[in-house]
Structure formats: structure tokens, C-alpha cells
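**Q** Below are the sequence and a predicted model for it; my questions follow.
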Amino acid sequence: MPTPYRYVTPVPRKAATGRVAEVYDQLARDFGMARMPLFMTLSPAPDVLASTWAVLRESLLAGQAPRAAKEVVAAGVSLANKCPFCVDAHTVLLHATGEHRLAETVARGETPSDPEHARLFAWATGTATAGQAPPCPPEQAAEHVGTALAFHFINRMVSSLLTGDLLPAGLQRSRLVRGLGGRALARTVRRRLPRGEALPLLRGLPSGRVPAWGAGTPVGTAFAALHATAGEGASLLGGTAREAVVEAVAAWDGAHPALSGGPLSGGPSGALAEVAPAERPAARLALLAALAPYRVTDADVAAWREAGGRSDADLVRLLALGAVIAVWRIEAALAVATP
């Protein structure tokens with residue numbers, strides 16, 4: 001039976017132990033789904049798994065901002081990042097909030113009729129290219145910024161590691177199936193979850209600086225952990241390779257790279273031209289995760305393995321590094337505009 005997993009063998013729910021089992025249990029309770037492909041594909045790297053779940057839970061699922069509004073942000077970012085898997089998932093979750101017309105409007109990439117949702121949708125789709133404060137009350141800003149940044153990270157991991165199908169044979173593309181899926185999740189989605197319950201899952205993990213936009217909130221604490229754990233993937237790249245990836249992302253304008261030429265080119269004008277050939281496969285994967293994760297191919301992963309890349313955990317951490325470098329670039333622009 002086909003699975004959505006491309007390059008990683010996930011830890012099965014029944015075989016999970018320790019931190020992975022704890023995340024799976026909380027995910028099933030708070031998200032309403034016992035087997036979420038994204039989190040299962042991150043399971044070989046428990047630190048990345050736990051910190052990714054924490055930023056998602058504390059931004060999207062918990063807090064005081066309306067869940068439907070945050071789902072609009074999640075779907076808008078996913079549309080901008082060309083992540084159909086996540087667009088489909090959050091269309092279903094919008095249905096679960098009871099906003100059926102809104103769900104289908106956003107799924108088509110159209111502007112919502114409600115002015116508040118329209119402003120949030122426009123903001124979300126532009127977060128990679130325009131640093132603007134979220135159009136929401138100040139007390140909800142951390143949740144909206146956190147949701148947008150969470151999905152800039154999550155979209156990159158999903159596009160790198162999963163197929164585009166949320167359900168077998170692409171059944172999620174049926175409006176009927178999306179509506180039924182939403183109704184099945186409605187009770188869980190409409191619950192008000194207490195904040196901070198994902199933070200104990202981060203015990204023992206490294207933590208970076210809490211971002212100013214999230215100071216004093218569980219969202220900020222979760223992001224400090226994600227920044228640190230994903231950033232540890234830098235150990236998988238040599239110094240020249242790390243610098244080349246960071247510099248290419250720093251120069252990125254937020255748009256989708258051209259299919260030929262530009263930073264992803266393997267030629268003399270490409271971002272990795274000065275990187276040693278043996279290190280290029282790993283650097284290319286990190287750079288693809290940052291700028292165009294939907295262009296990660298079997299050949300890219302095979303070249304990395306042939307150059308010495310071994311474990312599924314290393315692959316998850318390498319891609320997480322690229323994804324978080326892109327998030328740093330986007331976050332820096334948003335932080336300038338966020339009170």
C-alpha cells in the first residue's frame with residue numbers, strides 16, 4: 001500500500017518510546033489524529049520532532065486568537081510555499097471549525113469575503129516577501145506570527161519528505177471528503193486548549209534566545225527550542241558549506257527560485273560553486289530545503305547518501321537546518337514590523 005513517506009522510515013506508534021511516544025500521545029489528544037505523517041516522518045530525530053510539535057501546538061492549537069483565523073494563516077503560508085499537502089490539511093481543519101465556505105475559498109487561493117480573514121490571508125501569503133506586522137489585536141500577534149513561522153518551517157519539511165497526498169489516491173482533493181474529514185475532527189478542533197502543555201516535552205533539549213515577538217509566551221519558548229535543535233544540523237555541513245547556504249538564504253528575496261540559473265544552479269554562478277564537491281550534496285539538500293523544498297529529488301538524496309550521508313535522523317536534521325535558516329530570514333523581516 002502506498003505511503004506518503006519519501007526518504008525516511010518513521011517510528012511506528014506502537015514501537016515509539018520516550019520523547020517520541022510522548023509527542024505521539026499529545027498529538028493524538030490535542031490534534032485529534034493518532035498518525036500525522038509530518039510528525040511521523042520527523043520521528044527519527046526526536047529533538048526536531050518535539051520542538052516542531054511544540055511550535056505548532058502553542059501557536060496554532062492553543063491560545064486566545066480564533067482557531068479559524070489561525071487556520072487561514074496556516075493555509076495562506078502553505079499556498080505561498082506551494083505545499084499542497086499542508087493546504088489540503090488546513091482546508092480540512094477549517095471545515096472542522098465550521099467555516100465551510102471559508103475553507104473552500106482559501107483552498108482555491110481566493111480572498112475570503114470576511115475583511116478580517118481577508119487581511120490575515122493577504123498578510124500570510126506575503127510573509128516571505130514583505131515584512132509587515134500581522135493585522136490583528138496586539139495580544140494575538142505572537143500566535144499569528146508563531147503560526148506563520150511554524151508553517152514556513154513545516155511546509156519545508158513536508159515538501160522535502162512527503163508526497164503531495166494527504167490521503168490515498170489524493171482523496172483530499174474532493175470537497176466532500178474534506179468536509180467529512182472536518183466534521184470528524186470538529187469536536188477536537190473546537191476545544192480550547194490550555195497553553196504551555198507542549199513545553200514539558202522540550203526538557204533536556206537545547207534552547208536559544210526567546211524571540212522578542214514571543215517574549216513571555218509559550219510560543220516564544222517553543223521557538224527558542226526549535227531554533228536551537230534545528231540549528232544543530234549545522235554540524236552536518238563543513239564550514240564553507242554552512243557559510244554558502246547561510247549567505248544564499250540571506251540574499252534571497254523570498255520568491256521561488258528560477259528553474260535554471262540562480263542560487264540553486266550547479267554552475268559557476270551558483271551559491272555552492274566554492275563548496276568542495278564531496279560536501280555539495282549535503283549543502284544542496286540544505287539549500288533546497290530553505291529555498292525550494294518541493295524540488296528535492298530522489299537523485300539529491302541518493303547523492304547525499306553516496307557522499308557519506310547515512311541515517312534517517314541525519315537527513316531530518318539536515319533538512320531542518322535548511323528550513324530553519326529560511327525561517328530566520330523571514331522572522332527577521334517580520335520582527336522589524338512586529339511591536
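**A** Structure received.

**Q** use CA for all of it now, contacts and neighbours both
**A** Fine.

**Q** What distance do you get for the most centrally placed residue in the chain to Arg178?
**A** Among the residues of the chain, the one closest to the centroid is Ile154, at 1.0 Å (CA atoms, centre = their mean). For Ile154, the distance to Arg178 (CA to CA, to the nearest Å) stands at 21 Å.

**Q** coming back round to it: how confident was the prediction at the residue nearest to the centre of the chain?
**A** On pLDDT, Ile154 comes in at 98.

**Q** Look up how far Gln132 lies from it.
**A** Ile154 is 21 Å from Gln132, by CA to CA.

**Q** now Ile325
**A** 19 Å.

**Q** Then Trp252?
**A** To Gln132, Trp252 is 17 Å away according to CA to CA.

**Q** More neighbours: which of these two?
**A** Trp252 (19 against 16; other CA atoms under 10 Å).

**Q** That one: what secondary structure?
**A** At Trp252 the chain is in coil, as set by DSSP: H, G, I helix; E, B strand; the rest coil.

**Q** just for the stretch 151-300 of the chain, where's the confidence low?
**A** 165-176, 261, 266-269 (pLDDT under 70).

**Q** Helices of that one, start to end?
**A** 175-189, 218-231, 239-250, 280-291, 298-306 (DSSP state H, counting those that start in this stretch).

**Q** so after the last one, what's the next helix or strand?
**A** Okay, so that is helix 298-306. Of the helices and strands lying after helix 298-306 in sequence (DSSP states H and E), the nearest is helix 312-337.

**Q** what helices or strands is that next one leaning on?
**A** Judged by 3 or more CA pairs under 8 Å, 6 or more residues apart in numbering; DSSP states H and E, the packing partners of helix 312-337 are helix 46-56, helix 141-161, helix 218-231, helix 239-250, helix 280-291.

**Q** Report the mean per-residue pLDDT for stretch 46-54.
**A** On average, stretch 46-54 scores 98.

**Q** can you give me the offset of it from its chain's centre?
**A** 11 Å (CA atoms, centre = their mean, to the nearest Å).

**Q** do the same with stretch 26-46
**A** The answer for stretch 26-46 is 13 Å, by CA atoms, centre = their mean.
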